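A.B. asks: Test case, fold it:
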Amino acid sequence: MKQEETNRKSEEDHIDKYANADYSTIRNIKLNYERMEQGIVNELYFKVPHGSTIGHYREQIWGKMFRNIVPKKFVIEQSMFIIDSYGQVSKEVDLAVFDETYTPYIFSYGNLKFLPIEAVAAVIECKSSSMDKKILKKWACSIKALRTSNKSYTRMIGKIVCGEIEPTITQTATRPLRILCCLNEKDISELVDEDENPFDIVIRAIPNKGGKLQIEWDDSKKNLYDWYVSLNHAKGLPEHKNDQVDWEEAVKNYGLDKYLVHHEGTELSLLTFNFQLNQVLMLINNPMLFPHAAYAEMFDNNGNMEEKGNE
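C.D. replies: Coordinates of the predicted model:
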């Protein structure tokens, strides 16, 4: 009897909460997302006779999908290299999502672009159905090895803040989301070592049932707090005062499963991913204060003698 009363109360609350909802418009938006998802998958499986161009073509399709999802403050570019102020350079990144309003290019000439790690919100590796386990691991490791720097000087209210002396407690060392987009239907555990998943998100284009995106998030991150720590404190969580406990508990009780959107009993993967990805990006919100001094020091002290090269 109690359960029936609870269910009835829940239905009444739902009716009251959405009493003025425009159901027709909402349904049309959901149907449009369903068609967009199918269109993306169909484009990705489009056959062309020249194999050398299909990879670049698919990168453009994935890039267009992300551009339709992330806020306009983010720029998405193809074929980037990520660099840090310690002189480390990543493997080539198929697609990079970054905020160019806060941080400059280190070097840009034609199609050759080097971007500082502090600017990057996400790196995306695009693959077809065939993937090499060793290559995937090397690519991910080249991203993981990059380190941000706190050697920044920025005007704040009433003074100039030095990041090394007064670091931002909520953001000590950011890192980008690592995303794999592919046509391979194998479980990620078959493609990487069991002890550590190098990717935060794996997106597969599945041609069955008219076209479906299968999106998996790293299940070792159980809630928003885990994602906050992983993306903003890559070197480890700093000590903090007890006054932060309330907000920590609130986000520890909220996981990405709360953002699932369904239509007629089936998950709308693209719309769900829209809300999930933008929520996680909001946990980073803005890049770290850019360490111009650290990059200037690195360039001044390196690359001066040919014998020190590591080609």
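
A.B. asks: in the chain, what spans have low per-residue confidence?
C.D. replies: Applying pLDDT under 70 to the chain flags residues 1-14, 48-53, 187-195, 238-246, 306-311.

A.B. asks: Show me which helix runs longest in it.
C.D. replies: As assigned by DSSP state H, the longest helix anywhere in the chain is helix 23-44.

A.B. asks: In that helix, which of the residues would be classed as buried?
C.D. replies: Lys30, Tyr33, Glu34, Met36, Glu37, Gln38, Ile40, Val41, Glu43, Leu44 (16 or more other C-beta atoms under 10 Å). Any C-beta I mention is one placed from the backbone N, CA and C, and that applies to glycine too.

A.B. asks: Could you point out which of those residues is nearest to Lys209?
C.D. replies: Of all those, the one with the least separation from Lys209 (C-beta to C-beta) is Gln38, at 8.8 Å.

A.B. asks: Stretch 211-228 spans what distance, first to last residue?
C.D. replies: The first residue of stretch 211-228 is 32 Å away from its last residue (C-alpha to C-alpha, to the nearest Å).

A.B. asks: What residues sit buried inside it?
C.D. replies: In terms of neighbour count (16+ other C-beta under 10 Å), stretch 211-228 has its buried residues at 211-213, 215, 217-218, 221, 223-228.

A.B. asks: centre of the chain versus it, how much separation?
C.D. replies: Counting by C-alpha atoms, centre = their mean, to the nearest Å, stretch 211-228 is centred 10 Å from the centre of its parent chain.

A.B. asks: Check stretch 83-101 too.
C.D. replies: In this view, stretch 83-101 has its centroid 13 Å away from the chain centroid, taken as C-alpha atoms, centre = their mean.

A.B. asks: then that stretch to CSV, C-alphas only?
C.D. replies: The C-alpha coordinates for stretch 83-101 follow below in CSV (Å, rounded to 0.1, in the frame of the first residue of the first chain):
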residue,chain,number,x,y,z
ILE,A,83,53.4,20.7,-25.9
ASP,A,84,54.2,21.4,-22.2
SER,A,85,56.6,23.9,-20.5
TYR,A,86,59.0,21.0,-19.8
GLY,A,87,59.6,20.5,-23.5
GLN,A,88,57.6,17.4,-24.0
VAL,A,89,55.5,17.0,-27.2
SER,A,90,52.7,14.6,-27.7
LYS,A,91,52.0,12.2,-30.6
GLU,A,92,49.8,13.8,-33.3
VAL,A,93,46.3,14.4,-32.1
ASP,A,94,43.5,13.9,-34.6
LEU,A,95,41.2,16.4,-33.0
ALA,A,96,41.8,18.8,-30.1
VAL,A,97,39.2,20.7,-28.2
PHE,A,98,40.7,23.8,-26.6
ASP,A,99,40.0,27.3,-25.3
GLU,A,100,41.9,29.8,-27.4
THR,A,101,40.6,32.8,-25.5
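
A.B. asks: What residues of it count as buried?
C.D. replies: For stretch 83-101, burial by neighbour count (16+ other C-beta under 10 Å) applies to Ile83, Asp84, Ser85, Ser90, Val93, Asp94, Leu95, Ala96, Val97, Phe98, Asp99.

A.B. asks: mind listing the helices for the stretch 1-150 of the chain?
C.D. replies: In the stretch 1-150 of the chain, the segments counted as helices under DSSP state H, counting those that start in this stretch are 2-17, 23-44, 51-67, 133-144.

A.B. asks: Which of these sits closest to Gly255?
C.D. replies: That would be helix 2-17 among these, by C-beta to C-beta, at 20.7 Å.
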